[in-house]
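# just the structure for this:
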Amino acid sequence: MHLNTRRTFIQASAAAFSGMTFMPGAVTSFDQTTTAATPGKAKSTILFFLCGGHSHIDTFDPKPNAPAEYRGPFDVLQTSAPGLLVSEHLPMTAKLGHHLAVIRSIDGTVNTNDHHAGYYHNLTGHVPDESFKRLGNNRTPFPDDWPYMGTVIGMKRNQAGSLPNAITLPHMPSRKPYTRPGQFAARIGTEYDPLYLNGNTEQPLEFTAPALTLQGDVTAERISSRNGLLKLLDRDRQALEQYASTQVWKKQQARALELLLSAGTANAFSLEGESEATIERYGKNVNGMSLLMARRLVEVGVPFITVFWKGEKKLADKCKSGGSWDTHGNNFGCLKDDLLPMFDQGYSALIEDLEQRGMLDQTLVMVTSEMGRKPKIGDPRSGGESGQGRDHWTYCLTDVLAGGGIRGGQAYGATDRLGEFPADLECSPADVTATVYKAMGINDLTATDTEGRVYNLLEHGKPLEPLL
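Below is the predicted model:
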């Protein structure tokens, strides 16, 4: 194959995931029929992932009766659901407690107690293998990894319109070369990988997909000619087979062409048309605007949207972390002053907005993270008790589900009196993932490998029926 032709194919195919820009308002809504699903209550899922690992005790599983060295200085709030308590720094979320199903008994233990494995476990529902322990932060995503739940749903849903079935914003965690495993389609095929949108902390109202660069003998004018592009991509087909299977090539080609030929390129993923009041309600920051963009993507029928919390560099020193929820130091100051207010505003705005538009019943909103935080205050890497940090803690974490047929106003399971381990109705990330699949009407979890063998994508998870 000619080098330029191969480059053009790779970059044109990448457009299917990250290369073009779109106007959500101009896209035809997805047909919500499914290829391997029965009609579920939820037509779309928004997964809000709190990168770094949010402290379960200081958010949705407070322990007001625990010793001070565990419970910390925060008081609690009674939510709109009797008996359901949250942190005092979630006042707007507390008013929506009747919508929330708080899963407090998730055993997310991983063999490394670290971020890479925590991402993988909670995004795929599968226990990380020994390679995570062997390679640590050098454990990059592998082609035979188990797929991200969002890409499974994307694969099982029919696509209508030009947008992919799975879209992720406002970034791809984490900074290269430490890309987190678990957020890709992996073994089910790169053609199901999410489209990534980039958000900007300095200009939070702007979202772009990485620009498509054409090389070789492809020009912008030639893109307008479907036949011309097809002929170019078909050239040297035999040589192409050394780089990809024919089946994958056809899917990639079709997806890239659909985007290249039918998507607009101006004012991409714009929040134009949203009122100033709506923008202010969500919070004019990259995380709030990402949640607003997620709502817009639900409106045009995208089945699965992921919002990965984007940290701020200014918090890195303050929290002894990368600027997100990894609060190794000054846990309480970082939560009170920065993280919880931003979360509370954006998350509560999303739930309220979906409800007011009559969309909440058909939109599942999930909050999760790669881990909880260590209940005993004091992380050695930030000075111990005096540093007021909380270390990694994968032995339990809390997820929150709302909308999409979920029975709100309840806590599922419980941790022990110190918040260290599940004590009642213990469940796993696999069970939570299975619950999402069922809420979305995905009942056939089989896939076929490259040799034609059928396998199960999540055979060890069971839906948490009391939530549905």
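# isn't there a helix covering Leu47?
No: remark: Leu47 does not belong to a helix; assigned using DSSP: H, G, I helix; E, B strand; the rest coil, it is strand.
# so who does it touch?
By C-beta atoms under 8 Å, 6 or more residues apart in numbering, the residues touching Leu47 are Met149, Gly150, Phe304, Ile305, Thr306, Val307, Met366, Thr368. For the C-beta atoms, the positions are set from N, CA and C on the backbone; glycine is no exception.
# now Leu292
If you count contacts by C-beta under 8 Å, 6+ apart, Leu292 has them with Leu271, Glu274, Thr278, Ile279, Tyr282, Ala349, Leu350, Asp353.
# cool, Ser131 as well?
For Ser131, the contact set (C-beta under 8 Å, 6+ apart) comprises Arg139, Phe142.
# Pro82 too?
Pro82 sits in contact with Gly409, where contact means C-beta under 8 Å, 6+ apart.
# swap the cut-off to 6 Å and go again
Contacts of Pro82 were listed using C-beta atoms under 6 Å, 6 or more residues apart in numbering, and none were found.
# neighbours of Asn200, just the number please.
Residue crowding around Asn200 was assessed by other C-beta atoms under 10 Å; the count is 15.
# leaving out the residues flanking it, which one is nearest to it?
Excluding the flanking residues, the one nearest Asn200 by C-beta to C-beta, 6 or more residues apart in numbering is Glu206, at 5.5 Å.
# what about the chain, any weak spots by pLDDT?
1-40, 160-161, 210-268 (pLDDT under 70).
# domain ranges for it?
The record assigns the chain these domain ranges, following automatic domain parsing: 1-25+219-267, 31-209+273-467.
# pick the most deeply packed of those.
Most buried of the domains of the chain by mean neighbour count (mean count of other C-beta atoms under 10 Å) is domain 31-209+273-467; its value is a mean of 20.
# how distant is that one from the center of its chain?
Distance of domain 31-209+273-467 from its chain centroid, counting by C-alpha atoms, centre = their mean, to the nearest Å, is 6 Å.
# can you tell me the helix or strand for Lys133?
For Lys133, the host element (DSSP states H and E) is helix 130-135.
# just the C-alphas of that helix, formatted as CSV.
Backbone C-alpha positions of helix 130-135 (Å, rounded to 0.1, in the frame of the first residue of the first chain) are rendered in CSV as follows:
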residue,chain,number,x,y,z
GLU,A,130,-2.2,-9.7,36.7
SER,A,131,-0.7,-7.4,34.1
PHE,A,132,-2.0,-4.4,36.1
LYS,A,133,0.1,-5.5,39.1
ARG,A,134,3.1,-6.3,36.9
LEU,A,135,3.1,-3.1,34.9
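# all helices of the stretch 101-250 of the chain, in order?
With DSSP state H, counting those that start in this stretch applied, the stretch 101-250 of the chain shows helices at 115-124, 130-135, 149-156, 220-223, 226-234, 237-240, 246-262, listed in chain order.
# so which residues of the stretch 51-200 of the chain form strands?
For the stretch 51-200 of the chain, the strands identified by DSSP state E, counting those that start in this stretch occupy 76-78, 85-87, 100-106, 166-169, 195-196, 198-199, in order along the chain.
# list the contacts of the one residue sitting closest to the centre of the chain.
The centroid of the chain falls nearest to Thr306 when counting by C-alpha atoms, centre = their mean (3.3 Å). Counting by C-beta under 6 Å, 6+ apart, Thr306 makes contact with Leu47, Gly150, Thr168.
# isn't Val367 right up against Thr398?
No: with contact defined as C-beta atoms under 6 Å, Val367 does not reach Thr398; the gap is 8.6 Å.
# hmm, who's touching stretch 330-339?
The set of residues external to stretch 330-339 that reach it, using C-beta under 6 Å, 6+ apart, is Asp58, Gly72, Pro73, His89, Leu315, Lys318, Cys319, Thr327, Gln388, Gly389, Arg390.
# now those residues in JSON lines, with distance to Arg407?
Converted to JSON lines, the contacts of stretch 330-339 look like this (distance: C-beta to C-beta, whole Å):
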{"residue": "Asp58", "distance to Arg407": "25"}
{"residue": "Gly72", "distance to Arg407": "30"}
{"residue": "Pro73", "distance to Arg407": "33"}
{"residue": "His89", "distance to Arg407": "26"}
{"residue": "Leu315", "distance to Arg407": "35"}
{"residue": "Lys318", "distance to Arg407": "38"}
{"residue": "Cys319", "distance to Arg407": "35"}
{"residue": "Thr327", "distance to Arg407": "31"}
{"residue": "Gln388", "distance to Arg407": "37"}
{"residue": "Gly389", "distance to Arg407": "36"}
{"residue": "Arg390", "distance to Arg407": "31"}
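# return the subset of those lying in helices.
If you go by DSSP state H, the contacts of stretch 330-339 have Leu315, Lys318, Cys319 in helices.
# can you list these in TSV and add distance to Asp337?
Formatted as TSV, the ones in helices among the contacts of stretch 330-339 follow (distance: C-beta to C-beta, whole Å):
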residue	distance to Asp337
Leu315	9
Lys318	8
Cys319	10
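# ok, back up a step: okay if I get the contacts of Thr306 as JSON lines plus distance to Ser382?
As requested, these are exported to JSON lines (distance: C-beta to C-beta, whole Å):
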{"residue": "Leu47", "distance to Ser382": "30"}
{"residue": "Gly150", "distance to Ser382": "34"}
{"residue": "Thr168", "distance to Ser382": "31"}
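# related to what we said a few turns ago, turn the strands of the stretch 51-200 of the chain into TSV, columns for distance to Thr112.
Compiled in TSV, the strands of the stretch 51-200 of the chain are given as follows (distance: least, C-beta to C-beta, whole Å):
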stretch	distance to Thr112
strand 76-78	32
strand 85-87	28
strand 100-106	17
strand 166-169	24
strand 195-196	26
strand 198-199	29
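# nearest to Ile188, out of these?
Relative to Ile188, the nearest member of the strands of the stretch 51-200 of the chain by C-beta to C-beta is strand 166-169, separated by 11.3 Å.
# what packs against that closest one?
When contacts are defined as 3 or more C-beta pairs under 6 Å, 6 or more residues apart in numbering; DSSP states H and E, strand 166-169 packs onto helix 149-156, strand 304-308.
# excluding residues flanking it in the chain, which one is nearest Ala434?
Leaving aside its sequence neighbours, Ala434 sits nearest to Gly461 (C-beta to C-beta, 6+ apart; 3.5 Å).
# residues in contact with the one you found?
Shown here is Gly461, whose contacts under the criterion C-beta under 6 Å, 6+ apart are Gly125, Ala430, Asp431, Thr433, Ala434.
# restricted to helices, list those residues.
Filtering those for helices - DSSP H - leaves Ala430, Asp431, Thr433, Ala434.
# tell me the two of those residues that are most distant?
Considering C-beta to C-beta, no two members of those lie farther apart than Asp431 and Thr433, which are separated by 7.3 Å.
# coming back round to it: ok, the residue nearest to Ala434 to Thr394 distance?
Taken as C-beta to C-beta, to the nearest Å, the spacing of Gly461 relative to Thr394 amounts to 17 Å.
# same check, this time on Leu340
Between Leu340 and Thr394 the distance is 22 Å, computed by C-beta to C-beta.
# next one: Gly323
Where Thr394 is concerned, Gly323 sits at a distance of 21 Å (C-beta to C-beta).
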